[in-house]
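Enquirer: what follows is a predicted protein model with its sequence.
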Amino acid sequence: MALVRSSGVLLHPTSLPGGHGCGDFGPGAFAFIDYLQDAGVRSWQVLPLGPTGKEGSPYQARSSFAGNPIMISLDKLVEAGLLEECGAYSDDNPYLVNFESCREYKNAKLREAFKNFAGSKCMSCAYESFDRFKRDQGDWLEDYAAFAGIKESFNDSAWWQWPDQKLLEYDRAAIDEWCAKNSEELEYQRWLQFVFYVQWGELKSEANKKGICIIGDIPIYAAHDSADVWGGRELFEVNPETGEAELMAGAPPDYFCEDGQLWGNPIYKWNKMKEDNYAWWLRRMDISLKLTDALRIDHFRGFEAYWQVDAGEQTAKNGKWVKCVGQDFFTALKKRFGSDLPLIAEDLGVITPEVDKLRLDNDLPGMKILQFAFCDGANQYRPHSYDKNCVVYTGTHDNDTTRGWYAAEGKDYEHMGRDIIDAERDLCRRYLAVDGSNIHWDMIRLALASPADTAIIPMQDILGLGNESRMNRPGIADGNWAWRMSWEQLENAERNYLREMNTIFDRINQGK
């Protein structure tokens, strides 16, 4: 992937400001694009955009193709005449998303808007667009709409726990019968996806007009509780009758997790996927690259070898490495999308020479994390050692904020000895020649000054926020993904100072 020297900001849409429980594609998103343009930023990186479960994890989406309806802007539906008013949403904490409460509130409003859409006599253009969307996206949309509707009818239970065995087993006749009896619900689920795609398309178009590209994020695995696995279980290591995962994905034990990470996603049947030249993956990439301008591939090393854990294991300790398809997969991608793949390889964790070779053979930029740079022996993360073809981050969604990392207080750091923490922070200060009092901007400056072609900064670091604003804690199921910023924080964010540094370090967005 050919990169232009630039900077970007990492912020998931649910973290945007707004008045309806979580960030969405409405006024807060357009104001954020204006902020990025004013600050001379060229990229907006988001997390996966798929529909999430109650915990809100973008990496456990219910479809690899669908969008998350919680991000649909009610304000834009009011503008379109589909809602008279949005109503009031009571925020217990405006800096945190309550996903369950927000989803319930927005679902009621979205159903109201859908009824108005279905009953309107003066929206022929919208009807034509909706019909075209259903035709163009039918290969995934029909299964997803049925999946979402059936889940709703069974109180959101996982599909392998559905009380109707025929629906659980993906019996086509039973599904068709359910769809015939629930045609309005099916159409509602289709319409949600139509609105998501339209609103996101308008937002992406506005960003591109202002010289800002969208960097998406594609998880390597599909979630177990997803339309992908329910309707395509022949491609996944699941029991075809019970739906239970037989081989699960995860990560081996390391310094941070002595039991490893058991993600629970079913492993792909890669040999089966290879038979049709990875058609499912090609379709997934095709849609993802229409929604974004480039993609970060999560857990890139899994294409060379993946950590496999047997069903019944409670941790990832007893897994094993299994060789994957490697270059054969990327050859198929290049044949479909061209030799210059618009991909960023998330090459963190246990990286072998074989993984490095796979990335380099495909000319993909890897990732550098500044918070890792001061660990003992972590020279590859220190900017003086970078090649240009990489993307540097102060931290990612899986890291603490820079201020939180520097303070190193609380449960997140109990596994580390104080002497190790103190030594790392001392090296950080000496490397940057600072006293640490303004550490978030010191680290931002280090990223922007580095040789890396692209520097991405989490919005929490630009705002100078601490550990309370962390997005995710890997290996911990609850309390993640909920952080959001306020209108006041966005308004007061240091756009002029960021623009000055983008100018000094030749990363300025020229609006092209």
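Expert: Nice, I can see it. Just so it is clear, the model here is predicted, and its values are computed rather than measured. Numbers count the residues shown, from 1 in each chain.

Enquirer: hmm, who's touching the helix or strand of the chain at the bottom of the mean pLDDT ranking?
Expert: The helix or strand of the chain with the lowest confidence, counting by mean pLDDT, DSSP states H and E, is helix 124-136 at a mean of 88. The contact list for helix 124-136, computed with C-beta atoms under 8 Å, 6 or more residues apart in numbering, reads 117, 120, 141, 190-191, 193-194, 197-198. For glycine as for every other residue, the C-beta is placed from the backbone atoms N, C-alpha and C.

Enquirer: give the buried residues for stretch 45-57.
Expert: Neighbour-count burial for stretch 45-57, counted by 16 or more other C-beta atoms under 10 Å, picks out 45-53, 56-57.

Enquirer: just give me the least confident of those.
Expert: Minimum pLDDT across the buried residues of stretch 45-57 is recorded for residue 53, with 88.

Enquirer: point out where the stretch 101-250 of the chain drops to low pLDDT.
Expert: Of all residues in the stretch 101-250 of the chain, those with pLDDT under 70 make up the ranges 121-125.

Enquirer: can you give me the strands for it?
Expert: Read by DSSP state E, counting those that start in this stretch, the stretch 101-250 of the chain holds these strands, from start to end of the chain: 213-218, 247-251.

Enquirer: let me have the ones you listed in CSV, extended by mean neighbour count.
Expert: Rendered in CSV, the data for those read as follows (neighbours: other C-beta atoms under 10 Å):
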stretch, mean neighbour count
strand 213-218, 21
strand 247-251, 23
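
Enquirer: identify whichever of the ones you listed lies nearest to residue 442.
Expert: Across the strands of the stretch 101-250 of the chain, residue 442 has its closest neighbour in strand 213-218 (24.4 Å, C-beta to C-beta).

Enquirer: just checking: what are the partner strands of the closest one?
Expert: Each strand paired with strand 213-218, and its direction, by DSSP bridges: strand 43-45 (parallel), strand 294-297 (parallel).

Enquirer: contacting residues around it?
Expert: Contacts with strand 213-218, where a contact means C-beta under 8 Å, 6+ apart, come from 8, 42-49, 58, 204, 207-208, 284-285, 288, 291-298, 344, 456.

Enquirer: may I see the PyMOL selection of the buried members of these?
Expert: Of the contacts of strand 213-218, the buried ones go into a single PyMOL selection, burial set by 16+ other C-beta under 10 Å:
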select buried, resi 8+42+43+44+45+46+47+48+49+58+204+207+284+285+288+291+292+293+294+295+296+297+298+344+456
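
Enquirer: mind listing which of the contacts of strand 213-218 are in helices?
Expert: Restricting those to those inside helices, with DSSP state H as the criterion, leaves 204, 207-208, 284-285, 288, 291.

Enquirer: can you give me the distance of residue 189 to residue 209?
Expert: In this structure, residue 189 and residue 209 are separated by 31 Å, where distance is defined by C-beta to C-beta, to the nearest Å.

Enquirer: also residue 161?
Expert: In this structure, residue 161 and residue 209 are 46 Å apart, going by C-beta to C-beta.

Enquirer: give me the beta-bridge partners of the closest residue to residue 368 other than its chain neighbours?
Expert: Nearest non-adjacent residue to residue 368, counting by C-beta to C-beta, 6 or more residues apart in numbering: residue 392, 4.4 Å away. When bridges are assigned using DSSP bridges, the partners listed for residue 392 are residue 368, residue 455.

Enquirer: and residue 392, what does it touch?
Expert: The contact partners of residue 392, by C-beta under 8 Å, 6+ apart, come to 367-370, 383, 386, 447, 450, 452, 454-456.

Enquirer: if we go to 7 Å?
Expert: With contacts defined as C-beta atoms under 7 Å, 6 or more residues apart in numbering, the neighbours of residue 392 are 368, 370, 383, 386, 447, 450, 452, 455.

Enquirer: and the helices in the stretch 351-500 of the chain?
Expert: Assigned by DSSP state H, counting those that start in this stretch, the stretch 351-500 of the chain shows helices spanning 353-361, 402-407, 418-432, 439-449, 459-463, 487-492, 495-504.

Enquirer: rebuild the strands of the stretch 101-250 of the chain as a markdown table, extending it with distance to residue 270.
Expert: As requested, the strands of the stretch 101-250 of the chain are arranged in a markdown table below (distance: least, C-beta to C-beta, whole Å):
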| stretch | distance to residue 270 |
| --- | --- |
| strand 213-218 | 17 |
| strand 247-251 | 11 |
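
Enquirer: where does the stretch 401-512 of the chain have low pLDDT?
Expert: Using pLDDT under 70 as the threshold, the predicted model of the stretch 401-512 of the chain has low-confidence ranges 511-512.

Enquirer: which one of the ones in helices among the contacts of strand 213-218 is nearest residue 356?
Expert: Closest to residue 356 out of the ones in helices among the contacts of strand 213-218 is residue 285 (22.4 Å), distances taken as C-beta to C-beta.

Enquirer: how close does the closest one sit to residue 85?
Expert: When C-beta to C-beta is applied, the distance between residue 285 and residue 85 equals 40 Å.

Enquirer: same deal with residue 465?
Expert: Plainly put, residue 465 is 33 Å away from residue 85 if you go by C-beta to C-beta.

Enquirer: and if you look at residue 388?
Expert: Summarising the geometry, the distance separating residue 388 from residue 85, computed by C-beta to C-beta, is 51 Å.

Enquirer: those two: who's more crowded?
Expert: In terms of neighbours (other C-beta atoms under 10 Å), residue 388 is the more surrounded of residue 388 and residue 85; the figures are 12 against 8.

Enquirer: wait, isn't the more buried one in contact with residue 455?
Expert: No - contact criterion C-beta atoms under 7 Å: residue 388 and residue 455 do not qualify, at 11.7 Å.

Enquirer: farthest pair within the contacts of helix 124-136?
Expert: Greatest spatial distance in these: 120 and 141, 21.6 Å, computed using C-beta to C-beta.

Enquirer: could you check which of the two is surrounded by more residues?
Expert: Legend: neighbour count by other C-beta under 10 Å for residue 120 and residue 141, higher for residue 141 (21 against 14).

Enquirer: does the more buried one touch residue 190 like I think?
Expert: Yes - applying C-beta under 7 Å, one finds residue 141 in contact with residue 190, separated by 6.0 Å.

Enquirer: now do the buried residues in stretch 30-41.
Expert: 30, 32-33, 35-37, 39-41.

Enquirer: convert the C-alpha atoms of that stretch to CSV, please.
Expert: Once non-C-alpha atoms are left out, stretch 30-41 reads as follows in CSV (Å, rounded to 0.1, in the frame of the first residue of the first chain):
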residue,chain,number,x,y,z
PHE,A,30,-20.0,16.4,10.3
ALA,A,31,-18.6,18.7,13.0
PHE,A,32,-15.8,16.2,13.6
ILE,A,33,-14.9,16.2,9.9
ASP,A,34,-14.7,20.0,10.0
TYR,A,35,-12.3,19.7,13.0
LEU,A,36,-10.1,17.3,11.1
GLN,A,37,-9.9,19.6,8.1
ASP,A,38,-9.2,22.6,10.3
ALA,A,39,-6.4,20.6,12.1
GLY,A,40,-4.8,19.6,8.8
VAL,A,41,-5.5,15.9,9.4
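
Enquirer: circling back: out of the helices of the stretch 351-500 of the chain, which is the most enclosed?
Expert: Among those, the stretch with the highest mean neighbour count (mean count of other C-beta atoms under 10 Å) is helix 459-463, at a mean of 25.
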